[in-house]
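A.B. asks: next one to model:
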Amino acid sequence: MTMSNTAAIILAAGMGTRMESALPKVMHPVAGRPMVLHVLETAAALSPEKTIVVAGPDMDELATLVATHDLTPDVALQTERLGTGHAVMAARDALGDFDGTVMVLYGDTPLIEAETLVALRDARTEAGADVAVLGFRPLDPGAYGRLITDEAGELIEIVEARDATEDQLLVDLCNSGVMAIDGAKLGGLLDGLTNDNAKGEYYLTDIIALARANGGRCMVVEGDEEEFLGVNSRAELADAEDLMQNRLRRVALAGGATLIDPATVYFFWDTTLGRDVTVGPNVVFGPGVTVADNVQIKAFSHLEGASVAAGAIIGPFARLRPGATIGEDAQIGNFVEIKNATIAAGAKANHLSYIGDATVGAKANIGAGTITCNYDGYTKSLTEIGAGAFIGSNTALVAPVKVGDGAVTGAGSVITKDVEADALAVTRSEQKAAAGWATKQRDRKARD
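C.D. replies: Take a look at the predicted model:
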């Protein structure tokens, strides 16, 4: 990664009281990924030289989580939650004497786009402004802080809605909270903040007035309202999930996939679909799914931790669990579950089967009701099914066991020993018939 003259501070110390959760607010997932990791990934587009996550006390799990990201951010502790300005103050030691552009972001705004941050950073740099603020024009400005500008479009001040005059409330340009600040001047601006207000907090928004009082320039860069949704409640988390899913659906469609009923398809943040993939209604993608070109995924299927090769057909009502690897042109049908198993090219398991901890050879056929008995209560063992093998319906394969290439198992068999290639293995009691028994039974029941 090429470094730029940029640092990113991500504010993540909020308690999230309205979430009614023991989990730190920014760790709640959107599209399966904690919100703070979404923000870190977006910040990575800035190629920051320094990245700092501001956490609250007793947030060790947050520190552990963010350490997994490639940016490996420093974690600064905000011991008291005394406002956004105070949170940025907590990052000063980690920031050191950095004098480039300092981006202030929020760990609970997972929808902000990389292009928006780059535009904000570059606009501040080109204009030589002390501070650049991301603004937006919502349909309902409501309780958002207003960005007050002069005739030349320069930012004069940020006014909270509760403190705004009637004329200021008519302004529809609102504050997202995201800022790009000249790092050489940030320290002085923070030193000028006071907590002389009703809440006794240090507001980062006050640096606009401080910068202008010192002869500095402040500016606004506009973005889309959707990007700046902050999550403070479960309802807002659901709103963010809905917006993210719509975004992921648009990405899938633009990439050449067909979604029969897009609103019913749910993606994980890392889902990868090839071209000419068709996804039926009510399909759910969990983590770590990669789908190659020309795959059909039929309705009500669930995939996670799975790889599907070109031309395969999945579903309907199929479940691919972690470790499922589906080969080219293979078929996994209704109510078939695959877990930690490789299904080779052209193999079929079309009905009501469980294949776990197994390898299935090319063009093998798995009959309805087949299960691999892979767990004995202590350990999991492997089942190996050869190329071209035919597994009869309701076969139970008790692992560890091998069925050779081209071998056949009779329906209803319990296979506990290896089967040689091209052999037939049957374990079945001799069928017996009592002639006339059914008629006699009906007669007895009729007399009772």
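A.B. asks: just checking, what's the longest strand in the chain?
C.D. replies: Across the chain, the longest stretch assigned as strand under DSSP state E is strand 174-182.
A.B. asks: got the buried residues for that strand?
C.D. replies: In terms of neighbour count (16 or more other Cβ atoms under 10 Å), strand 174-182 has its buried residues at 174, 175, 176, 177, 178, 179, 180, 181, 182. Where you see a C-beta, it was placed from the backbone N, CA and C, and this is true even at glycine.
A.B. asks: what's the answer for stretch 398-410, then?
C.D. replies: Neighbour-count burial for stretch 398-410 [16+ other Cβ under 10 Å]: 398, 399, 401, 402, 403, 404, 406, 407, 408, 409, 410.
A.B. asks: distance check, the second one against residue 411.
C.D. replies: What that stands for is residue 399. Using Cβ to Cβ, to the nearest Å, residue 399 is found at 20 Å from residue 411.
A.B. asks: what's the pLDDT at residue 142?
C.D. replies: Listed pLDDT for residue 142 reads 87.
A.B. asks: same question for the one 4 residues further on.
C.D. replies: At residue 146, the predicted lDDT confidence score is 94.
A.B. asks: how about it, nearest residue that isn't a chain neighbour?
C.D. replies: The shortest distance from residue 146 to any non-neighbouring residue, by Cβ to Cβ, 6 or more residues apart in numbering, is to residue 171 (4.5 Å).
A.B. asks: ditto for residue 399
C.D. replies: residue 381 (3.7 Å).
A.B. asks: that older thread, would you format the buried residues of stretch 398-410 as a markdown table with pLDDT and distance to residue 28 included?
C.D. replies: Compiled in a markdown table, these are given as follows (pLDDT from 0 to 100; distance: Cβ to Cβ, whole Å):
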| residue | pLDDT | distance to residue 28 |
| --- | --- | --- |
| 398 | 97 | 43 |
| 399 | 97 | 39 |
| 401 | 98 | 44 |
| 402 | 98 | 46 |
| 403 | 98 | 46 |
| 404 | 98 | 51 |
| 406 | 98 | 52 |
| 407 | 98 | 51 |
| 408 | 98 | 52 |
| 409 | 98 | 48 |
| 410 | 96 | 52 |
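A.B. asks: so which of those residues sit within helices?
C.D. replies: With DSSP state H as the criterion, helices contain none of these.
A.B. asks: and which of those is nearest residue 427?
C.D. replies: residue 410 (7.7 Å; Cβ to Cβ).
A.B. asks: which residues touch the closest residue to the closest one other than its chain neighbours?
C.D. replies: Using Cβ to Cβ, 6+ apart and skipping residues adjacent in sequence, the residue nearest residue 410 is residue 426, 3.6 Å away. In this structure, residue 426 makes contact with 409, 410, 413, judged by Cβ atoms under 8 Å, 6 or more residues apart in numbering.
A.B. asks: what is the end-to-end distance of stretch 177-186?
C.D. replies: 16 Å (Cα to Cα, to the nearest Å).
A.B. asks: give me the contact list for it.
C.D. replies: Contacts for stretch 177-186 (Cβ under 8 Å, 6+ apart): 7, 84, 88, 95, 98-106, 109, 112, 117, 120-121, 123-124, 129-134, 189, 204, 207, 211, 216, 228, 230.
A.B. asks: now with 6 Å, please.
C.D. replies: Stretch 177-186 is touched from outside by 98-106, 120-121, 124, 130-134, with contacts defined as Cβ atoms under 6 Å, 6 or more residues apart in numbering.
A.B. asks: for residue 64, grab the count of nearby residues.
C.D. replies: A count of nearby residues for residue 64, using other Cβ atoms under 10 Å, gives 10.
A.B. asks: where in the stretch 101-250 of the chain is pLDDT low?
C.D. replies: Within the stretch 101-250 of the chain, no range satisfies pLDDT under 70.
A.B. asks: ranges for the helices of it?
C.D. replies: 114-127, 166-169, 183-191, 207-213, 234-254 (DSSP state H, counting those that start in this stretch).
A.B. asks: export those to a markdown table and tack on mean neighbour count and distance to residue 422?
C.D. replies: Shown next, in a markdown table, are the helices of the stretch 101-250 of the chain (neighbours: other Cβ atoms under 10 Å; distance: least, Cβ to Cβ, whole Å):
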| stretch | mean neighbour count | distance to residue 422 |
| --- | --- | --- |
| helix 114-127 | 18 | 57 |
| helix 166-169 | 10 | 83 |
| helix 183-191 | 18 | 74 |
| helix 207-213 | 19 | 80 |
| helix 234-254 | 16 | 44 |
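A.B. asks: okay, residue 322 and residue 130: tell me how far apart.
C.D. replies: According to Cβ to Cβ, residue 322 stands 50 Å off from residue 130.
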